[in-house]
Structures are given as structure tokens and as C-alpha cells.
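Trainee: My questions concern the predicted model and sequence given below.
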Amino acid sequence: MLVEETLVLVKPDGVARNLTGEILRRIEAKGYSLVDIRLVQADRDLLTQHYAEHEGKPFFEPLLELMESGPTVAFRIAGNRVIEGFRMLAGTTDPTTAAPGTIRGDLGRDWGLKVQQNLVHGSDSPESAARELALWFTR
Ligand code: RTP
Ligand code: MG
């Protein structure tokens, strides 16, 4: 199995809650390597490209508003099967039911808003990882 790279985002809710270090700690403790890191104030153009698959869904506009609300920290991380491995570390989308032991399960909750604030994003396939890394790291 080749070494993979993936994009992890600490979304604005995670940055605002000062969880960037805790999230990176979990990635490093698992054994993945940090290759690059950026603090980005995302704009509409970047976000509509990043979340193109969700355009038209009811949570799309609230999601973009959340993602524009403050800075995001982007990590490029590497390791064997890191795409799948980080998704396991993150846990499922809904933080209320995400398993304890995961980032979303341990650190997230429902805040009663129009979109799930679940702290992190991780690319879901090699194709997504390549596309998303190009979006967040080459501007
Ligand atoms: P991600 O792409 O952020 O790693 O998370 P994911 O695959 O678990 O979730 P996805 O279905 O791709 O949705 C992207 C983000 O939209 C928000 N969301 N809120 N019903 C809701 O309130 C809802 N559904 C999706 C979450 O912030 C999710 O991470
Ligand atoms: Mg997704």
C-alpha cells in the first residue's frame, strides 16, 4: 500500500474553541506525519468548490456561513491508509452520536444550529484528497 496524503481541516468552530492543538495531537499520536499547515480565511469561491457535492442541500448555505465565520486551519498529513484512518479518528458526521474516542464524539455536541458543527473535515477518497489539497494548499 502506497503512502497517502489527505486534507484535514479544523473548521472555524474547532479553531474558535481552541481545539487545533488537541486535534493535531490526536493525529500525531496515531502516528501520521504533518507535511504542511496553513491558517486560511476561506472565501465563497474556495468553499463553493470545496463543497460542490453539497450544493442545493438544505444545510449548504448554513455550512458556507459557518465556514466563512472565521479562520480554518488546514493540515496536509501523510501515512499508509491515512484517508480512511483520519475518517475513523474524526468519527461520524453527527457529533451527538459519533463514537466516544473519536474527535467528534469526544469534543463535539449539537448546538441547535442549522448545520452540524463537527470541528473537522477529512477527505473521503484519494480523488477528493488530491482535489481538496490542490484547493487549500496552492492558492
Ligand atoms: P466532512 O466532509 O466535513 O469531513 O464531513 P462528513 O463527510 O462527515 O459530512 P458530509 O456529509 O460531507 O457533510 C459536510 C458537512 O456538512 C455539515 N452537515 N450538517 N444535517 C446537517 O445538519 C448536516 N449535514 C451535513 C457538517 O458540518 C458536515 O461535516
Ligand atoms: Mg464529506
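Mentor: On my side now, so go ahead. Ligands and ions are numbered 1, 2, ... in the order given.
Trainee: So is stretch 98-111 next to ligand 1?
Mentor: No: applying C-beta under 6 Å from any ligand atom, one finds stretch 98-111 out of contact with ligand 1, separated by at least 8.3 Å. For every residue, glycine as well, the C-beta is placed using N, CA and C.
Trainee: Quick check: residues of this structure near ligand 1?
Mentor: Counting by C-beta under 6 Å from any ligand atom, the residues of the chain near ligand 1 are Phe59, Leu63, Thr93, Val115, Gln116, Asn118, His121, Gly122, Asp124.
Trainee: pLDDT averaged over stretch 76-90, what's the number?
Mentor: On average, the pLDDT along stretch 76-90 is 98.
Trainee: C-alpha coordinates for that stretch, PDB please?
Mentor: Output of stretch 76-90 as PDB, limited to C-alpha atoms (Å, rounded to 0.1, in the frame of the first residue of the first chain):
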ATOM      1  CA  ARG A  76      -1.700  18.100   4.900                       C
ATOM      2  CA  ILE A  77      -1.000  14.800   6.600                       C
ATOM      3  CA  ALA A  78       0.600  11.600   5.400                       C
ATOM      4  CA  GLY A  79       0.700   7.900   6.200                       C
ATOM      5  CA  ASN A  80      -0.400   4.500   4.900                       C
ATOM      6  CA  ARG A  81      -4.200   4.500   4.600                       C
ATOM      7  CA  VAL A  82      -4.400   7.900   6.200                       C
ATOM      8  CA  ILE A  83      -7.600   8.900   4.300                       C
ATOM      9  CA  GLU A  84      -9.500   6.100   5.900                       C
ATOM     10  CA  GLY A  85      -7.600   6.400   9.200                       C
ATOM     11  CA  PHE A  86      -8.300  10.000   9.700                       C
ATOM     12  CA  ARG A  87     -12.100   9.500   9.000                       C
ATOM     13  CA  MET A  88     -12.000   6.900  11.800                       C
ATOM     14  CA  LEU A  89     -10.300   9.300  14.100                       C
ATOM     15  CA  ALA A  90     -12.900  12.000  13.200                       C
END
